[in-house]
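Enquirer: Need the 3D shape of this:
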Amino acid sequence: MAKLTTGVVRLSYANIAQPRKNDDGKAKYSSQIIIDKTDKKTIKAFERAIEELKADPKAVAKVEGKAAYLKLNLRDGDTDEAVVDQPETYAGKYFINANSDKQPIVFNREKIKMDDFDIEEEIYSGVYAQVALSVFAYNFNGKKGVGFGLNGIRKVKDGERLGGVHVSANDFGDDDLGDLDDDDDLI
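Expert: Numbering: from 1, shown residues only. Modelled structure (predicted):
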């Protein structure tokens, strides 16, 4: 297993506060990691991690001794059919999916660990972050390749939310409630 930390990336399909069941019915924390194609430092970090896997006898054995399965499969946001209809998010980008059985450790920009409430509010699809990943070989149900474990996230800055609507407790102000002690005014 190899490890890497990205430069600034964007999260999408972020399930960090609560796990989400995958196709196998297993609850996992997960996120899609969107990487700018110009971020050569992060791309090199992925390439180094793959080379580290190829040099690891356990990783090569995991894919039945065929190191050819240990290759970097960055999905291309310009051509991948799953996202080609979303150029505003994926044009000029690569992306991968990462997940974990355990909730990743999450920090704010100042590297202070976030609690569950802060994670719920601050880590969403569209946020910009650095991500700590483990890179591993897998052989599961006849499929062999490289997977990415989601170890940690550091929020760097807010971004426009991707998809869906987000509602938080902060959306409800107290100014319009008036004096609730007089129950006669409520009906």
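Enquirer: Tell me which residues touch Lys26, please.
Expert: Contacts for Lys26 (C-beta atoms under 8 Å, 6 or more residues apart in numbering) come out as Asp101. Any C-beta I mention is one placed from the backbone N, CA and C, and that applies to glycine too.
Enquirer: For it, grab phi and psi.
Expert: When read as degrees, to the nearest 10, the backbone of Lys26 gives phi -90, psi 130.
Enquirer: Quick check: it vs Pro19, distance?
Expert: Here the criterion is C-beta to C-beta, to the nearest Å. By it, Lys26 lies 9 Å from Pro19.
Enquirer: Equivalent analysis for Pro57, please.
Expert: 32 Å.
Enquirer: Equivalent analysis for Tyr124, please.
Expert: Relative to Pro19, and taking C-beta to C-beta, Tyr124 is found at 16 Å.
Enquirer: These two: who's more crowded?
Expert: The residue with more neighbours, out of Tyr124 and Pro19, is Tyr124; 21 against 17, by other C-beta atoms under 10 Å.
Enquirer: helix or strand for the more buried one, which one?
Expert: Assigned by DSSP states H and E, Tyr124 falls within no helix or strand.
Enquirer: Just the pLDDT for it.
Expert: Among the per-residue scores, Tyr124 holds a pLDDT of 96.
Enquirer: Thought Asn15 was touching it, still the case?
Expert: No: applying C-beta atoms under 8 Å as the test, Tyr124 and Asn15 come out as separate, 10.3 Å apart.
Enquirer: count of neighbours near Tyr90?
Expert: 23.
Enquirer: And for Val84?
Expert: Counted with other C-beta under 10 Å, Val84 comes out at 13.
Enquirer: Show the backbone phi and psi for it.
Expert: Backbone torsions of Val84, given as degrees, to the nearest 10, read phi -60, psi -20.
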